[in-house]
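Participant: give me coordinates for this.
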Amino acid sequence: MNKAIKIALVECPYLLRTGLVQTLRNSSELRCHILELNDISHLKDSLNLHHPDMIVVNPHNACGFKLSEIKSFCNSYPSTKLTAVCYAYLDQQTTELFHAIFFIDDTPEKIHDKINKLFHKTTTTPEPETENQELTQREKEIVVGVVKGQTNKEIADSLSISAHTVISHRRNIAKKLQIHSPSGLTIYAILNKLVDINDIKL
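Facilitator: As a prediction, the model looks like this:
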């Protein structure tokens, strides 16, 4: 990416903000100019002054502002991408407000990939996110947990993530594989050697 991306971080909690800033600044693939805003009421002024390419907000802590209002700010600047950094589940209506969402367990590579996709438009039609997409290592671990009969909470505890994150991963797994039942996942896991048939409770 030749041009540095201007990124405005708005009212993200300290740990999330510092982790994201460190990840972006350590990237050898991205050139970023980062602006940290601790008061969301300064968003309009910042847009007018700096014209950031991307705004990152914490949808769980909008400080009295409705996310739809923040979205309307960005609509005045069509090239600005509104993104979220999340540590809990977002409903579908909220998710649709954002161009991209960064999750607390995203790897640096995944964050870089999401940003690159925002700013590298291609003329070809993207492949639909459906079947035959390869699962990530985390998704494979969750499939194994489901196949072994673990609940979402048990899977979350074993992987040191939240139950909401497990649910989000399971939704992505179903979308990628077009498999919507534990029995279907069991067959998939056996065929792909994710589990031994002797480990499965019948």
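
Participant: I'd assumed residue 83 was in contact with residue 58.
Facilitator: No: shown here, residue 58 and residue 83 do not form a contact pair, counting by CB atoms under 8 Å, at 10.7 Å. All C-beta spots, glycine's among them, are computed from the backbone N, C-alpha and C.

Participant: ok, residues contacting the helix or strand of the chain with the lowest mean pLDDT?
Facilitator: One helix or strand of the chain scores below all others by mean pLDDT, DSSP states H and E: helix 67-75, with a mean of 72. Contacts with helix 67-75, where a contact means CB atoms under 8 Å, 6 or more residues apart in numbering, come from 40, 43, 44, 47, 55, 57, 59, 62, 80, 82, 94, 97.

Participant: I'd like the next helix or strand past that helix.
Facilitator: Next in sequence after helix 67-75, counting helices and strands by DSSP states H and E, comes strand 81-86.

Participant: what is that next one packed up against?
Facilitator: Here strand 81-86 touches strand 54-57, helix 67-75, strand 100-103, helix 108-119, going by 3 or more CB pairs under 8 Å, 6 or more residues apart in numbering; DSSP states H and E.

Participant: so in that sheet, which strands flank that strand, and in what orientation?
Facilitator: When pairing is defined by DSSP bridges, strand 81-86 lines up against strand 54-57 (parallel), strand 100-103 (parallel).

Participant: kindly provide the whole-number mean pLDDT of the next helix or strand along the chain from that strand.
Facilitator: Downstream of strand 81-86, the first helix or strand assigned by DSSP H and E is helix 92-95. The average pLDDT for helix 92-95 rounds to 74.

Participant: hmm, who's touching helix 92-95?
Facilitator: By CB under 8 Å, 6+ apart, helix 92-95 touches 59, 67, 101.

Participant: per-residue confidence at the first one?
Facilitator: The confidence metric pLDDT takes the value 78 at residue 59.

Participant: that one belongs to a strand?
Facilitator: No: read with DSSP: H, G, I helix; E, B strand; the rest coil, residue 59 is coil and lies in no strand.

Participant: contact partners for it?
Facilitator: Contacts of residue 59 by CB under 8 Å, 6+ apart are 67, 84, 86, 90, 94, 97, 98.

Participant: and the first one, how far from residue 51?
Facilitator: According to CB to CB, to the nearest Å, residue 67 stands 21 Å off from residue 51.

Participant: cool, the fifth one as well?
Facilitator: The spacing between residue 94 and residue 51, counted by CB to CB, is 25 Å.

Participant: those two: which is more packed in?
Facilitator: Set residue 94 next to residue 51 and count neighbours by other CB atoms under 10 Å: residue 94 wins out with 16 against 12.

Participant: I'm done for today, thanks for sticking with me.
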